[in-house]
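K.L.:
let's see this in three dimensions:
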Amino acid sequence: MAKYLLLKHYRGAPASVNDVPMDRWTPQEISAHVQYMNDFAARLEGTGEFVDAQALAPEGTFVRYDGEGRPPVTDGPFAETKDLIAGWMVIDVDSYERALELAGELSAAPGAGGKPIHEWLELRPFLAAPPTIAQ
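P.N.:
Prediction:
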């Protein structure tokens, strides 16, 4: 089994076919989308392929270390030009092909007008083993 991250973008991925931003969806369209996501996760729980999933708020801040005794440096809230992550799902599957199949299915979640979004999802494998540091 191999773990994969399915990364959903608000902004930063290629435009989807049904490219209406979620903040312009009706409450019913949002409910249908969330239900699709929940049903998808429940089905994967049944097959043992679901690990975890979370939706993220659009607000966020980049943070970095700025030296001993100094407060962290921040950059945010995010400007309109920055990539914006909507959420993620982690799956544990037998093959890369299965990960592609599930990502394609998740991409069909309904959006505006109840039609599939056809959104681009970023599919990223987890490292098989932690990287080793040469000494």
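K.L.:
which ones are touching L5?
P.N.:
By Cβ atoms under 8 Å, 6 or more residues apart in numbering, L5 lies in contact with 88-90, 122-126. C-beta here means a position set from N, CA and C on the backbone, and glycine is covered the same way.
K.L.:
which pLDDT value goes with it?
P.N.:
Looking at L5, its pLDDT stands at 97.
K.L.:
that one and W25: what is the separation?
P.N.:
As for L5, its distance to W25 is 25 Å (criterion: Cβ to Cβ, to the nearest Å).
K.L.:
any idea how many residues pack against the residue lying closest to G111 once chain neighbours are set aside?
P.N.:
With sequence-adjacent residues excluded and distances taken as Cβ to Cβ, 6 or more residues apart in numbering, G111 is closest to I117, at 4.0 Å. The burial count assigned to I117 is 22, neighbours taken as other Cβ atoms under 10 Å.
K.L.:
so I117 is in contact with M37, correct?
P.N.:
No - applying Cβ atoms under 8 Å as the test, I117 and M37 come out as separate, 11.2 Å apart.
K.L.:
find the residues that touch each one of the two.
P.N.:
With Cβ under 8 Å, 6+ apart as the test, I117 and M37 both reach A109.
K.L.:
tell me the SS of G69?
P.N.:
coil (DSSP: H, G, I helix; E, B strand; the rest coil).
K.L.:
got a pLDDT number for it?
P.N.:
96.
K.L.:
which helices and strands does the helix of greatest length in the chain pack with?
P.N.:
Counting residues, the longest helix found in the chain (DSSP state H) is helix 27-47. In terms of contacts (3 or more Cβ pairs under 8 Å, 6 or more residues apart in numbering; DSSP states H and E), helix 27-47 is packed against strand 50-55, helix 96-106.
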